[in-house]
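Trainee: Coordinates for the following, if possible.
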Amino acid sequence: MQPTACPSCRQLMSKHRFARQYGGEVVLDVCFSCQGIWFDEFESLQITPGGIVDLFKLLNEHRDDPHQPLRDALACPRCRERLLHGLDAAKHGGRFNYHRCLQKHGRFITFAQFMIEKGFVRQLNPTEIETLSAKIDVVRCMSCGAPVDIRRDHACGHCRAPIAILDPNAVEQALQRFQSAETRRNTIDVNALGDAIVAQERQKSRWQREEADSLDDLRGINDAIDLLAGGIGYVWNLIRR
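Mentor: Numbering: from 1, shown residues only. Predicted coordinates:
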């Protein structure tokens with residue numbers, strides 16, 4: 001497996017395996033020193049909800065590791081071209097930033113921004129930042145670690161990440177979403193399975209009747225549904241996808 005150099009510090013990233021949608025595994029490259037994750041193209045969409053929970057457990061285990069700010073210029077670990085800064089809207093509110101390869105080799109995202117993307121971290125609104133600035137002058141950017149004077153800046157001047165906090169309610173809600181999604185992913189919908197089997201067997205019976213009519217040697221094909229055979233066929237179709 002090809003080693004991956006961190007887009008920021010250029011040191012080799014550690015590889016970690018997580019469950020992939022529809023079987024198999026996703027191997028992610030993580031740099032704990034820079035607190036960043038490299039996703040090859042589509043890997044962030046392929047990891048299962050349970051895999052995302054496992055990834056956060058890994059990040060939590062290394063939350064106190066020494067880390068360093070990101071470099072101004074980040075390089076793609078595949079083609080070495082400079083990564084382009086991107087900004088996107090999180091599904092459950094807020095905006096997160098990342099750096100992507102123009103050649104579509106993948107993207108680099110910090111732990112904090114990944115947590116915003118997945119709904120674990122909530123961004124502060126201007127009123128909340130103003131209230132906080134009355135008590136604290138400077139905070140560390142959750143994304144790159146650079147100091148941010150929140151009396152005049154509402155985003156990091158180094159990486160442009162907005163000011164965000166770890167919201168216990170957001171964490172609980174995000175965990176519930178991912179755990180529920182993982183449960184659904186591993187649970188067979190009995191009603192859907194039954195409907196699919198019935199539809200499959202009725203279609204087969206219709207084909208048999210049409211064939212019998214065309215041959216003019218069979219009449220009154222039994223319309224009973226073989227649930228066992230239909231169920232085995234349906235499950236096999238799911239497995240081989």
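Trainee: mean confidence score for stretch 12-30?
Mentor: For stretch 12-30, the mean pLDDT works out to 93.
Trainee: Then stretch 181-189?
Mentor: On average, stretch 181-189 scores 68.
Trainee: Next up, the contacts around the residue nearest in space to the middle of the chain.
Mentor: When C-alpha atoms, centre = their mean is applied to the chain, the residue found nearest the centroid is Ser44 (4.4 Å). Applying C-beta atoms under 8 Å, 6 or more residues apart in numbering to Ser44 gives the contacts Arg107. Every residue, glycine included, has its C-beta placed from N, CA and C.
Trainee: pLDDT score for it?
Mentor: 86.
Trainee: What helix or strand is it located in?
Mentor: helix 43-46 (DSSP states H and E).
Trainee: ranges for the helices of the protein?
Mentor: 43-46, 49-61, 111-117, 126-133, 168-185, 190-215, 227-239 (DSSP state H).
Trainee: From the structure, what's the count of residues near Pro162?
Mentor: 22 (other C-beta atoms under 10 Å).
Trainee: what does Ala161 give?
Mentor: 24.
Trainee: just the one 3 residues further on next, same as before
Mentor: By other C-beta under 10 Å, the residues close to Ala164 number 23.
Trainee: May I have the beta-bridge partners of it?
Mentor: Counting by DSSP bridges, Ala164 is bridged to Gln123.
Trainee: now Arg100
Mentor: Beta bridges link Arg100 to Leu84, Arg107 when assigned by DSSP bridges.
Trainee: Please list all residues in contact with it.
Mentor: Arg100 touches 83-84, 86, 106-108, counting by C-beta under 8 Å, 6+ apart.
Trainee: pLDDT-wise, what's the bottom of those residues?
Mentor: Comparing these by pLDDT, Gly86 comes last, at 92.
Trainee: shaky segments in the protein?
Mentor: 1, 93, 122, 142-145, 165-175, 178, 187-201, 203-204, 207-241 (pLDDT under 70).
Trainee: let's see 50
Mentor: Across the chain, residues meeting the criterion (pLDDT under 50) sit at 218-236, 238-240.
Trainee: Around Ala155, how many other residues sit close by?
Mentor: Neighbour tally, Ala155, other C-beta under 10 Å: 18.
Trainee: who touches it in this structure?
Mentor: 148, 161-163.
Trainee: shouldn't Gly51 be in contact with His16?
Mentor: No - applying C-beta atoms under 8 Å as the test, Gly51 and His16 come out as separate, 9.9 Å apart.
Trainee: what about these two, which has more around it?
Mentor: Gly51 (21 against 16).
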